[in-house]
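1. Just a sequence and a predicted model for now, questions to come.
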Amino acid sequence: MPTATVRATLVPTPESTQAAREVFRTPTPNTGNVIVQAADQFFNPAVITVKVGTTVTWNDVQGSHDVVADDGSFTSPTLFEGGSYYYVFRSPGQYHYVCSFHAGNGMFGDVIVGP
């Protein structure tokens, strides 16, 4: 008897994207080196809070991605699975960034840098 294969594509909604951001938010300021994973079509954690001087490293764990700051302060090359990119945050502020390949699907994040 033949069987059918059904494939589903999940499309993030604004509500599910916001819920994921709340789940993946770091609760307290971090220092040293903070790791953010780029997977499928999201960053994990999507929002982090760090202190000035912290290095943030984005590790690509699935697919191909890049990391592009809205203000132009940092732009990674295209990352492939196993690749990484880092940036040292030397000034306080909020840095919004996207994966330019998946921004339309809600793949963006924020680094909040405090003194």
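-> Cool, the structure landed.

2. The residue nearest the centre of the chain pairs with what?
-> In the chain, the residue lying closest to the centroid (Cα atoms, centre = their mean) is residue 43, at 2.9 Å. Here residue 43 sits in beta bridges with residue 38, as judged by DSSP bridges.

3. Wait, it touches residue 56, no?
-> No - Residue 43 lies out of contact with residue 56 (Cβ atoms under 8 Å); the separation is 10.6 Å. C-beta: built from backbone N, CA, C; applies to glycine.

4. shared neighbours of those two, anything?
-> Between them, residue 43 and residue 56 share these contacting residues under Cβ atoms under 8 Å, 6 or more residues apart in numbering: residue 36.

5. If we go by neighbour counts, what in stretch 39-53 is buried?
-> 41-50 (16 or more other Cβ atoms under 10 Å).

6. C-alpha coordinates for stretch 72-86, CSV please?
-> Only the C-alpha atoms of stretch 72-86 are listed here, as CSV (Å, rounded to 0.1, in the frame of the first residue of the first chain):
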residue,chain,number,x,y,z
GLY,A,72,26.6,49.6,10.2
SER,A,73,28.9,49.0,13.2
PHE,A,74,29.5,45.4,12.2
THR,A,75,28.9,43.1,9.3
SER,A,76,30.0,39.5,9.1
PRO,A,77,30.8,37.6,6.0
THR,A,78,28.4,34.8,5.0
LEU,A,79,28.7,32.1,7.6
PHE,A,80,28.2,28.4,6.9
GLU,A,81,27.5,25.6,9.4
GLY,A,82,30.5,25.5,11.8
GLY,A,83,31.5,29.1,11.0
SER,A,84,31.7,31.9,13.5
TYR,A,85,32.0,35.7,13.7
TYR,A,86,32.8,37.9,16.6
